[in-house]
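# The sequence and its predicted three-dimensional model are supplied below.
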Amino acid sequence: MISRRDFVAVAGAGVAAACTRQLNVGVEPAHGSTILFQGDSITDAGRDRNQAAPNAGGALGNGYPLLLAAMLLKQWPDRDLRIFNRGVSGNKVPDLQARWETDTLALKPDVLSILIGVNDYWHTRTHGYTGTVTDYETQFAALLAQTRVQRLIILEPFVLKTGAVDASWWPEFDARRAAAARVAERTAATFVPLQRAFEEAAAKSGPAYWLADGVHPTPAGHELIADRWRSVSGILPPASTAR
């Protein structure tokens, strides 16, 4: 763990080196690559914490990491890929900081995919959390600045107006989304936009069809995330060219 002061220092020092983290989009995973999905409950998706082995169905949860792992393992059965899910329900960026060494760095991921941010706002409404947009952006950037991976993928936080989410979430939540995009730019990460995709989908079927409570995806919502990740990351080929 590092202090908040060190967080700021690391963020400034690490930006110059961040360009080393990005490979060309479309590069296939090398033999033996480790792929890690990290984040909050949306990534967690009910994973079995008693299973630590890579590629285990229960350990990958029931959401988009499982869908993507299935695609990756099917596409490259000869690559000896190691795929992990270490999302934890309720997490914010400071919670990631507290477990980063054991749940991220110790796994030595070659590809790190991270979705974090909804609780960084939601918990200011319901849990007495006092973190600001600036805190979220600064701490997120600093956390990634100390992390060396070949591919870094940042997913945009998203919500829809239903269930726990009402009009009062805006414009504050949009500020978190914009901050995540800036962090992706600063760290040379691939950014996966999701808010507009969910809004467009909700216009056809209603928000609860995709996000049951406005935050947590339904099976259709997890498939939408997996589809956007696949389209934007370049790690998987388009469906028409998959084996």
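Nice, I can see it. Numbering: from 1, shown residues only.
# how distant is the helix or strand hosting Lys74 from the center of its chain?
Take DSSP states H and E as the rule and Lys74 turns out to sit in helix 64-75. Distance, stretch centre to chain centre, for helix 64-75: 15 Å (CA atoms, centre = their mean, to the nearest Å).
# List the buried residues of that helix.
For helix 64-75, a neighbour-count test (16 or more other CB atoms under 10 Å) marks 64-69, 71-72, 75 as buried. C-beta coordinates here come from the backbone N, C-alpha and C atoms, glycine included.
# Can you pull the phi/psi pair for Thr34?
phi -110, psi 130 (degrees, to the nearest 10).
# my read: it touches Val111, true?
Yes. Using CB atoms under 8 Å, Thr34 is in contact with Val111, at 7.4 Å.
# Please identify which of these two sits among more neighbours.
Set side by side, Thr34 and Val111 show unequal neighbour counts under other CB atoms under 10 Å, the larger going to Val111 at 22 against 18.
# And that one, how close does it get to Lys74?
Separation of Val111 from Lys74 (CB to CB, to the nearest Å) stands at 17 Å.
# which element follows the worst-scoring helix or strand of the chain on mean pLDDT toward the C-terminus?
Among the secondary structure pieces of the chain, namely its helices and strands, helix 4-14 has the lowest mean (mean pLDDT, DSSP states H and E), a mean of 37. Read in the C-terminal direction, the helix or strand following helix 4-14 is strand 34-39, with elements assigned using DSSP H and E.
# So which residues of this structure form strands?
Assigned strands in the chain, in chain order: 34-39, 82-85, 111-115, 151-155, 190-192 (criterion: DSSP state E).
# For those, give me TSV that also has mean pLDDT and distance to Pro54.
TSV is the format used below for these (pLDDT from 0 to 100; distance: least, CB to CB, whole Å):
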stretch	mean pLDDT	distance to Pro54
strand 34-39	98	7
strand 82-85	98	4
strand 111-115	98	13
strand 151-155	97	17
strand 190-192	97	22
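# Looking at the ones you listed, which is nearest to Leu60?
With CB to CB, the closest approach to Leu60 among those belongs to strand 82-85: 4.8 Å.
# Counting by contacts, list what that closest one packs against.
Here strand 82-85 touches strand 34-39, helix 64-75, going by 3 or more CB pairs under 8 Å, 6 or more residues apart in numbering; DSSP states H and E.
# Distance to Asp95 added to those, as CSV?
Below are those laid out as CSV (distance: least, CB to CB, whole Å):
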stretch, distance to Asp95
strand 34-39, 10
helix 64-75, 18
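# Tell me which of the ones you listed lies nearest to Asp166.
Ranking the helices and strands packed on strand 82-85 by proximity to Asp166 (CB to CB) places strand 34-39 first, at 23.7 Å.
# Sheet-wise, list the partners of that closest one with their directions.
strand 82-85 (parallel), strand 111-115 (parallel) (DSSP bridges).
# what's in contact with the last one?
Identification of contacts with strand 111-115 by CB atoms under 8 Å, 6 or more residues apart in numbering yields 29, 33-40, 42-43, 87, 104, 144, 147, 149-155, 157, 229, 233, 235.
# just the angle between that strand and helix 64-75, please?
When axes from the mean of the first three to the mean of the last three CA atoms, to 10 degrees is applied, the directions of strand 111-115 and helix 64-75 differ by 150 degrees.
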